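**Student:** Task: produce atomic coordinates for the following.
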Amino acid sequence: MLFTPAFRRTIVGLLALAGVVSSGLVFVTPASAAPSELAAGFSWDQVTGIENKDDIRVVYGIKKDDWEAGVGKALYYARGLYQSYEAMGVAPKAVDMHLVLHGEAGYWLLDDEAYRAHKNQLTGNPNAHIVEELIDQGAHVEACYETLKAHGWQEDDLLPGVEVVHDAYSRIVDLQGRGYAYLPFF
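**Tutor:** Coordinates of the predicted model:
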């Protein structure tokens, strides 16, 4: 998939605002910050912001079992997107986010008891707090029924507030067809 340089700058800027990207490409601070807080050589007229600050629709397809900062990486990035929008003056209620988990990442949504059984360990699910945080922000955290079925998990094995969808792929296609921007984590 090819992206224009302007699109890449916008995404890098959004992720940098959330503190997700700081790899030397660009370090951006919120628009309310003084220009002196920008990385050397940058000014606010060089940073592309966003125009749409209402009715933002995004769907994350989350399959890969990657971790960042002690939680599922895609959950960490989803929280970062909310933080990026907030830094630009967009209220969380303006962001309609769906996180569709399946495959290798499906177990991230298990409650502590089911998580301990699945991972054969004594500790509970480290993702529980970020899933709760995302749901509180307004995100729809969705578990793929086909993934649940494949592992023998039941709806009552899931964290509170997690919704079950028939399958991840048809859900993602449906949301894309309804104008949701697709961010894959495969």
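
**Student:** contacts and neighbour counts: CA atoms only from here.
**Tutor:** Noted.

**Student:** is it true that Leu110 touches Leu158?
**Tutor:** Yes: counting by Cα atoms under 8 Å, Leu158 is a contact partner of Leu110 at 4.4 Å.

**Student:** Compare those two and say which one has the larger neighbour count.
**Tutor:** Leu110 (27 against 24; other Cα atoms under 10 Å).

**Student:** dump the residue contacts of that one.
**Tutor:** With Cα atoms under 8 Å, 6 or more residues apart in numbering as the criterion, the residues that contact Leu110 are 125, 157-159.

**Student:** before we move on, what about Gly161?
**Tutor:** By Cα under 8 Å, 6+ apart, the neighbours of Gly161 are 132, 135, 141.

**Student:** Same check on Tyr107?
**Tutor:** 115, 118.

**Student:** for Tyr115, same thing?
**Tutor:** Contact analysis of Tyr115 by Cα under 8 Å, 6+ apart lists 107-108, 124-125.

**Student:** just checking, it is part of a strand?
**Tutor:** No: going by DSSP: H, G, I helix; E, B strand; the rest coil, the assignment for Tyr115 is helix, not a strand.

**Student:** does Glu142 count as helix, strand or coil?
**Tutor:** Classified using three-state DSSP, Glu142 is strand.

**Student:** Number the chain from 11, please
**Tutor:** Taking 11 as the first residue, the last one we looked at is Glu152.

**Student:** okay, now it: neighbour count?
**Tutor:** The burial count for Glu152: 24, using other Cα under 10 Å.

**Student:** try the one 5 residues further on
**Tutor:** The criterion is other Cα under 10 Å. On that basis, Thr157 has 20 neighbouring residues.

**Student:** Okay, domains of this structure per the record?
**Tutor:** Following automatic domain parsing, one gets these domains for the chain: 11-59, 66-195.

**Student:** Tabulate the contacts of Gly171 (a markdown table), appending distance to Ala124, pLDDT and neighbour count.
**Tutor:** Shown next, in a markdown table, are those (distance: Cα to Cα, whole Å; pLDDT from 0 to 100; neighbours: other Cα atoms under 10 Å):
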| residue | distance to Ala124 | pLDDT | neighbour count |
| --- | --- | --- | --- |
| Glu142 | 17 | 98 | 17 |
| Ile145 | 20 | 98 | 17 |
| Val151 | 17 | 98 | 23 |
